[in-house]
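A.B. asks: Need coordinates for the below:
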Amino acid sequence: MQNGTRLAAVDLGSNSYRLEIGRLDHGQIHRTEYLKETVRQGNGLDEDRNLTPEAMQRGWDCLARFGERLAGFKKGEVHAVATQTLREARNRDVFLQRAHKVLGFPIDVISGREEARLIYQGVAHLLPQSGERRLVVDIGGRSTEMILGKGLDAVTMESYRVGSVGWSMKYFPEGQFTARAFQTAEVAAKAVLDEAINLYRGGWDVAYGSSGTVGAVSDVLMAGGWPQGLVTREGLDWLLDRLLKAQSAERLKLEGMKDDRRAVIGGGVSVLRAVFELMGIRQMQTAQGALRHGVLYDLLDREEETTDLRSTSVQRLTHKFDTDTAQAERVSRIARALFAQASTGLSPAELGRVQRKLDWAALLHEIGSHISHSDYHKHGAYILDNADAPGFTLQELHRLSLLVLGHRGKLRKLEADFEDEVFVLQLLCLRLAVILCHARRDPDVKGVQIASAGNRQFSLVCRPGWAEAFPQSAHLLREEILAWQKTPWTVALAGA
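C.D. replies: Got it, this is the predicted structure:
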């Protein structure tokens, strides 16, 4: 990206929505604008884990305001991510469909570990580079992320289902602060976080707290005369004493505490105290970086194939499942070439991004083969839908899984959007590449051409004599034409 490019990150958190806008300057992103709104969507999940209409409306209203500010930004300059509440919500697709429209940009739901990775990236990029081992903790509305890392590299990442909104709703439902309620909430938080002891304890030099709860606690402590930017055990004891004396969130009056934080401070403090005790933390520094900053820097990494973490994740998966690398690369090469022939209306940059995703699908299309030979495409799709793949959003992994599932067999089994022309062309090119490479050797594709004929039609042309020279390939192509007749798309074949 060029210096001066504006970039924006939208964080759909369980308690607050945030918009961070920055300008790129020699590899660093400098803030130009920051907006935050308390949406408290995390307390809008009903007993069936569906977002209530009111909670959805609060989110849509906020995103509409953010969308007005983002007018004029290009697609590759904005990345919106959603976290735990939308990971849990059964009706998230209903919310996201309208949210995409009002924001003007797609919204990606990210896994807990991907959220943790991005949080660490945000924190690390805003800290001086050093050799210290870092423990980064982010207590959000419905989840807590913990990361061990060094420099810009996150080493151990995990997300736990405990947060300020969820714990406040469960253990302080009426906003009443009692010693028993805090004790119960802390014990429950420790039960969730207990496995973190073996993963994290003793593996760090400095502890950092990011965003939400830690920032709010730090502000209150500083206003009370404690050191700036530092949360200590003694400070947490002092704050707990103030909360107990207030007896309720409604009566709580603390200098440095914003009104929108009072309703969730009980749950947040109880979780933070649990983290301190479990990890043996004496003091925690407040970090300036957060999830949204990590999202901004991730936008830079995604621009180049050499820095795109998703490519590394794909390589790890192919190695883990011991795929036939030569065949995978062969299929990828043919699929990308076919896609380049038929794609229309894509800028060079967008074409590169789409071809990269097609490349990943080709490299991964046989990862299920060690589980089952006949149904390997089904197992491969399952693996991708359930894999922890750093850099990928849940939607990106699902799209890859659909391509892997659909690269062979009947097309009607796919619960896919056949209105998406880019996806359809990716799928067609992958299937054609698999057919052309069926002998597991480099195919002769000279004179094999594919083009878009418009009106949901593609044309595939083979040179004279090609079908006679490769009768099995020609037969498989004719079968492929029949398969597409059962979709909204048609493929015309000439020369085979």
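
A.B. asks: Mind telling me what element Gln285 is part of?
C.D. replies: strand 283-287 (DSSP states H and E).

A.B. asks: Pull out the buried positions in stretch 93-109.
C.D. replies: 95-96, 99, 102-105, 107-109 (16 or more other Cβ atoms under 10 Å). For the C-beta atoms, the positions are set from N, CA and C on the backbone; glycine is no exception.

A.B. asks: what's the answer for stretch 339-346, then?
C.D. replies: Buried residues in stretch 339-346 (16+ other Cβ under 10 Å): 339, 342-343.

A.B. asks: Among those, which ones are in helices?
C.D. replies: Counted as lying in helices by DSSP state H, out of these, are 339, 342.

A.B. asks: So of the buried residues of stretch 93-109, which two are at opposite extremes in space?
C.D. replies: Gly104 and Val109 (17.8 Å; Cβ to Cβ).

A.B. asks: Can you pull the domain assignment for the chain?
C.D. replies: 6-110+294-298, 127-287, 304-443 (automatic domain parsing).

A.B. asks: Give me the distance from the first one to the chain's centre.
C.D. replies: Relative to the chain's own centre, domain 6-110+294-298 is displaced by 12 Å; criterion: Cα atoms, centre = their mean, to the nearest Å.

A.B. asks: can you give me the mean pLDDT across that domain?
C.D. replies: Averaged over domain 6-110+294-298, pLDDT sits at 95.

A.B. asks: so how far does that domain reach from one end to the other?
C.D. replies: This stretch, domain 6-110+294-298, spans 14 Å end to end (Cα to Cα, to the nearest Å).

A.B. asks: Please tell me how far Leu272 sits from Thr156.
C.D. replies: Going from Leu272 to Thr156 by Cβ to Cβ, to the nearest Å gives 20 Å.

A.B. asks: higher neighbour count, those two?
C.D. replies: Leu272 (27 against 17; other Cβ atoms under 10 Å).

A.B. asks: In which helix or strand does the more buried one reside?
C.D. replies: Applying DSSP H and E, one finds Leu272 within helix 265-279.

A.B. asks: returning to what we had before: buried sites along the strand holding Gln285?
C.D. replies: In strand 283-287, counting by 16+ other Cβ under 10 Å, buried: 284-287.

A.B. asks: Pull the contacting residues for the residue nearest the centre of the chain.
C.D. replies: The centre of the chain sits closest to Ile110, judged by Cα atoms, centre = their mean, with a distance of 2.7 Å. Contacts for Ile110 (Cβ atoms under 8 Å, 6 or more residues apart in numbering) come out as 81-83, 118, 393-394.

A.B. asks: Could you find which two of those are furthest from each other?
C.D. replies: Top of the distance list for these (Cβ to Cβ): Leu118 and Leu394, 13.5 Å.

A.B. asks: Closest to Gly224 out of the buried residues of strand 283-287?
C.D. replies: Thr286 (14.8 Å).

A.B. asks: Skip the chain neighbours and tell me the closest residue to that closest one.
C.D. replies: Ser218 (4.4 Å; Cβ to Cβ, 6 or more residues apart in numbering).

A.B. asks: what number of residues lie near that neighbour?
C.D. replies: Count around Ser218 with other Cβ under 10 Å applied: 22.

A.B. asks: Would you confirm that it contacts Gln283?
C.D. replies: No. Assessed by Cβ atoms under 8 Å, Ser218 is found out of contact with Gln283, at 11.1 Å.

A.B. asks: Name the residues contacting each of these two.
C.D. replies: Shared contacts of Ser218 and Gln283, counting by Cβ under 8 Å, 6+ apart, come down to 230-231.

A.B. asks: Now stretch 417-424: buried residues?
C.D. replies: 423-424.

A.B. asks: which residues are contacting it?
C.D. replies: Against stretch 417-424 from outside (Cβ under 8 Å, 6+ apart): 343, 346, 354, 399, 402-403, 416, 487-489.

A.B. asks: Next, the distance between the ends of that stretch.
C.D. replies: 8 Å.

A.B. asks: what packs against the helix or strand harbouring the residue nearest to Thr286?
C.D. replies: For Ser218, the host element (DSSP H and E) is helix 212-223. Applying 3 or more Cβ pairs under 8 Å, 6 or more residues apart in numbering; DSSP states H and E, we find helix 212-223 packed against strand 133-139, strand 230-232, helix 233-246, helix 265-279, strand 283-287.

A.B. asks: tilt between the fourth one and strand 283-287?
C.D. replies: For helix 265-279 and strand 283-287, the angle between their directions (axes from the mean of the first three to the mean of the last three Cα atoms, to 10 degrees) works out to 120 degrees.

A.B. asks: just the first one next, same as before
C.D. replies: Taking the same axes, to 10 degrees, one finds strand 133-139 and strand 283-287 inclined to each other by 70 degrees.

A.B. asks: Which strands or helices does strand 133-139 pack on?
C.D. replies: helix 112-125, strand 144-150, strand 206-210, helix 212-223, helix 265-279.

A.B. asks: quick one, the longest one and strand 206-210 angle?
C.D. replies: Compare the direction of helix 265-279 with that of strand 206-210 by the same axes, to 10 degrees and you get 160 degrees.

A.B. asks: For helix 265-279, name the packing helices and strands.
C.D. replies: strand 133-139, strand 144-150, helix 164-171, helix 179-193, helix 196-200, helix 212-223, helix 233-246.

A.B. asks: Arg49: which of these is closest?
C.D. replies: helix 164-171 (11.9 Å).

A.B. asks: Buried residues, the closest one. List them.
C.D. replies: 164-169, 171.

A.B. asks: show me the contacts for Asp108.
C.D. replies: Neighbours of Asp108 in contact, by Cβ under 8 Å, 6+ apart: 79-82, 393-396.

A.B. asks: now do 10 Å
C.D. replies: 12, 79-82, 86, 96, 114, 295, 392-396 (Cβ atoms under 10 Å, 6 or more residues apart in numbering).

A.B. asks: neighbouring strands for the host helix or strand of it, and are they parallel or not?
C.D. replies: Element membership for Asp108, per DSSP H and E: strand 107-109. If you go by DSSP bridges, strand 107-109 pairs up with strand 78-82 (parallel).

A.B. asks: and whichever helix or strand comes after the strand it pairs with, C-alpha only, in PDB?
C.D. replies: Going down the chain from strand 78-82, the next helix or strand is helix 84-88, by DSSP H and E. Below are the C-alpha coordinates for helix 84-88, written out as PDB (Å, rounded to 0.1, in the frame of the first residue of the first chain):
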ATOM      1  CA  GLN A  84     -17.900 -13.500  21.000                       C
ATOM      2  CA  THR A  85     -21.500 -12.400  20.900                       C
ATOM      3  CA  LEU A  86     -21.800 -13.000  17.200                       C
ATOM      4  CA  ARG A  87     -19.800 -16.200  17.500                       C
ATOM      5  CA  GLU A  88     -22.600 -17.400  19.900                       C
END
